[in-house]
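Novice: Return atomic coordinates for the entry below.
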Amino acid sequence: MEHQNPRVTAIGHQTIMPYLIVENASAFIDFVKIVFEMELQSITNRPDGSVLHAELRREGSTIMLSDATTEYPAMPAGLFIYIDNTDETYELALELGAISVQPPSDQNYGRAAGVLDAWGNTWWITSITTRKVS
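Specialist: I've put the predicted structure just below:
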């Protein structure tokens, strides 16, 4: 099937984006802004102050999210993120309440670690290194 319009995404978005539904989205937003240096691009609140929709961005990648409701309950996810320094990011995540899933270690694809955040999401944190692991 041929598309009439070659652009199939909104400007500024990638083709696939995670959409997270979390409890206490405002606290989650603060966590990812601090730990992963993400920038809040937009936020729309419901009349009760909860987050209806928010978008955070880092280096061309967007995460969309909202507060959980009875209709849309919280749904944890696994996320893989490239970061400048795995060890520092891992330690900062732990300081802010995350739980270690995998301590930093050298892998054949880079320096990697894993944390479970307070919202049930697992973050696979990786930085590119020149070290080779056999």
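Novice: going forward, measure contacts between C-alpha atoms and count neighbours the same way
Specialist: Will do.
Novice: quick one: low-confidence parts of the protein?
Specialist: Residue ranges of the chain with pLDDT under 70: 1-12, 131-134.
Novice: show me where it has helices.
Specialist: Using DSSP state H, the helices of the chain run over 25-35, 86-95.
Novice: Run through the neighbouring helices and strands of the first one.
Specialist: Right, helix 25-35. strand 39-45, strand 51-58, strand 61-67, helix 86-95 (3 or more CA pairs under 8 Å, 6 or more residues apart in numbering; DSSP states H and E).
Novice: just to revisit the earlier point, how about the helices of the chain, which one is nearest residue 122?
Specialist: Nearest of the helices of the chain to residue 122, taken as CA to CA: helix 86-95 at 11.3 Å.
Novice: contact partners of the closest one?
Specialist: Residues from elsewhere that reach helix 86-95, judged by CA atoms under 8 Å, 6 or more residues apart in numbering: 35-36, 83, 100, 103-104, 111-115, 117, 125-127.
Novice: Could I get the contacting residues of residue 42?
Specialist: 53-56.
Novice: could you dump the helices and strands packed on helix 25-35 to JSON lines with distance to residue 27?
Specialist: Putting these into JSON lines (distance: least, CA to CA, whole Å) gives the following:
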{"stretch": "strand 39-45", "distance to residue 27": "13"}
{"stretch": "strand 51-58", "distance to residue 27": "11"}
{"stretch": "strand 61-67", "distance to residue 27": "10"}
{"stretch": "helix 86-95", "distance to residue 27": "13"}
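Novice: Thanks a lot, catch you later.
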